[in-house]
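Asks: Dropping a prediction and its sequence here:
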Amino acid sequence: MPLLLAFRRYWAIAFIAILSVFTIGFVLPDLPAPLRTTVAPAERWWEHAGERLDPYINNTFAFRGAVLAAHRTYGRWLGGGPGELVLKGERGALFIKDEHAVEQSIGQLVRPQVVTQAADVATLLDRYMKSIGGRFVMLVPPNAQTNNFDLLPAYARALAKKPTEYDLLDAEMKKRGIPFVDMRPILAEARKSGPIHWLADTHWNQRSALIGFNAAMTAAGRPDLTFDPAEALNPPSQRRTGDLVRLSGELEAAVPDVEYLPKPMIQLRKDLTPIPDVMKPVPASEPFPPVANATGREGPRIMVIGDSFTQNPWSGPLSQVASAYAWMHHRYCRFDLGAVERFRPDILIYAPSERQIPCKGEPQR
């Protein structure tokens, strides 16, 4: 008897053709889709592959745009809401559910070891800066769930309790005598005169970012390096975009958001000179490439170890007030400590956002 009868051969051909469609789908035209939230597999993905590789696989598949569009259509037909990473709040506000941000902000998730690890990293950096005669400051941009607590769903507000991890970190830093900026009361006061956090984005807006920059400079003993938001920012304007809009699969926010575009006095300067041999090279796909630039102006050497809350919003002000500035991602405490030593800043700011306080390792050299 032949290995494959005639009718079975046709089924085999059809089966192979179906599999091939999904393979060539990576290069065929596709519908527009939300930005990928994971651009590369995690380090050592083969260890705990189900946890580390799944986010990449879930963001990388053939006909991604068409599949997500079909999923959105099906979800709307069922009457579903935002995607699983997005929580819908009051008055059109959206919140990220990733990294337990909701539970963290309302005090339902409190990890003392996380606080200790973060304080240990701050202590390490503070000691180094004291050894070279510089100033160290830790500043934590709050979650949207913290800044806009009143816009959380009623059930989440009802579950809120104290202390939160932010509370514990503030107390621990005071106990250790390390300069720490608690942005919560500062932004709560600022909110009385205007929005401080976007409704459809995980980040603070440009106004809050500048207020945070000013707070960091003041805590470092350099209030002369601050900017008046009324002079440095344009009047508020509307926008309907944001990373949470994309994550939820919508085309635009249901409620207009407010943005404050920067004036030239705090925009990133063009006449910068890269400083070689400070930052290690990174792949072109790296979403948070480190930088070290000389500005040609007088001023202190300032370095920021942060994330997307400071990457772009602080680059402009830094380029305007520093003689040289550097920025790199904290990588959940696994940042390049050698870069700090090679740059030798006068002011060092460690600024992980609230939901990214937890360490996943130790500083590297």
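Replies: Structure's in. What do you need? Residues are numbered from 1 along each chain as shown.
Asks: measure the nearest residue to Gln238 once chain neighbours are set aside to Ile96 for me?
Replies: With C-beta to C-beta, 6 or more residues apart in numbering as the criterion, Gln238 has its nearest non-adjacent residue at 4.3 Å, and that residue is Pro256. For glycine as for every other residue, the C-beta is placed from the backbone atoms N, C-alpha and C. Note on Pro256: its distance to Ile96, by C-beta to C-beta, to the nearest Å, is 20 Å.
Asks: go on, Thr164?
Replies: Remark: distance between Thr164 and Ile96 (C-beta to C-beta) = 17 Å.
Asks: Name all residues that make contact with the residue nearest to Gln238.
Replies: The contact partners of Pro256, by C-beta atoms under 8 Å, 6 or more residues apart in numbering, come to 238-240.
Asks: ditto for Arg301
Replies: Contacts of Arg301 by C-beta under 8 Å, 6+ apart are 322-326, 343-347.
Asks: bridging residues for it?
Replies: Ala324 (DSSP bridges).
Asks: separation between it and Asp120?
Replies: Distance from Arg301 to Asp120, by C-beta to C-beta: 25 Å.
Asks: And His329, by the same measure?
Replies: From His329 to Asp120 the distance is 19 Å (C-beta to C-beta).
Asks: do Ile196 as well
Replies: According to C-beta to C-beta, Ile196 and Asp120 sit 30 Å apart.
Asks: the more surrounded of these two?
Replies: Remark: of Ile196 and Asp120, Ile196 carries more neighbours, 25 against 15, as counted by other C-beta atoms under 10 Å.
Asks: what about the residue lying closest to Ile196 once chain neighbours are set aside, which SS state?
Replies: Nearest non-adjacent residue to Ile196, counting by C-beta to C-beta, 6+ apart: Ser208, 4.3 Å away. Using DSSP: H, G, I helix; E, B strand; the rest coil, the structure places Ser208 in helix.
Asks: go on, the one 5 residues further on?
Replies: With three-state DSSP as the basis, the three-state label of Phe213 is helix.
Asks: Which per-residue confidence value corresponds to it?
Replies: We have a pLDDT of 98 for Phe213.
Asks: which residues does it contact?
Replies: Phe213 makes contact with 226-227, 313-314, 317 under the criterion C-beta under 8 Å, 6+ apart.
Asks: for the residues you listed, which one is nearest Leu125?
Replies: Nearest to Leu125 among the contacts of Phe213, counting by C-beta to C-beta, is Trp314 at 17.4 Å.
Asks: Isn't Lys280 up against Phe335?
Replies: No. Between Lys280 and Phe335 there is no contact under C-beta atoms under 8 Å: 10.7 Å.
Asks: pLDDT on the strand or helix carrying Ile13, on average?
Replies: Under the criterion of DSSP states H and E, Ile13 resides in helix 6-24. Helix 6-24 comes out with an average pLDDT of 71.
Asks: what about the strands in the stretch 151-300 of the chain?
Replies: 180-182, 237-239, 257-259, 273-274, 291-294 (DSSP state E, counting those that start in this stretch).
Asks: In CSV: those strands, plus mean neighbour count, mean pLDDT and distance to Pro153.
Replies: As requested, the strands of the stretch 151-300 of the chain are exported to CSV (neighbours: other C-beta atoms under 10 Å; pLDDT from 0 to 100; distance: least, C-beta to C-beta, whole Å):
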stretch, mean neighbour count, mean pLDDT, distance to Pro153
strand 180-182, 20, 98, 26
strand 237-239, 13, 93, 24
strand 257-259, 19, 93, 19
strand 273-274, 10, 98, 46
strand 291-294, 19, 98, 39
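Asks: For these, give me CSV that also has distance to Pro142.
Replies: Below are the strands of the stretch 151-300 of the chain laid out as CSV (distance: least, C-beta to C-beta, whole Å):
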stretch, distance to Pro142
strand 180-182, 9
strand 237-239, 21
strand 257-259, 18
strand 273-274, 32
strand 291-294, 25
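Asks: Out of those strands, which gets nearest to Ile13?
Replies: Closest approach to Ile13 among the strands of the stretch 151-300 of the chain is made by strand 237-239 (51.4 Å; C-beta to C-beta).
Asks: if we can go back for a sec, who's more crowded, Lys280 and Phe335?
Replies: Phe335 (23 against 12).
Asks: What does the pLDDT read for the residue nearest in space to the middle of the chain?
Replies: In the chain, the C-alpha closest to the average C-alpha coordinate belongs to Ser308, at a distance of 3.8 Å (C-alpha atoms, centre = their mean). Ser308 is assigned 97 on the pLDDT scale.
Asks: quick revisit: give me the distance between the residue nearest to Ile196 and Ala154.
Replies: Shown here: Ser208 relative to Ala154, a distance of 25 Å by C-beta to C-beta.
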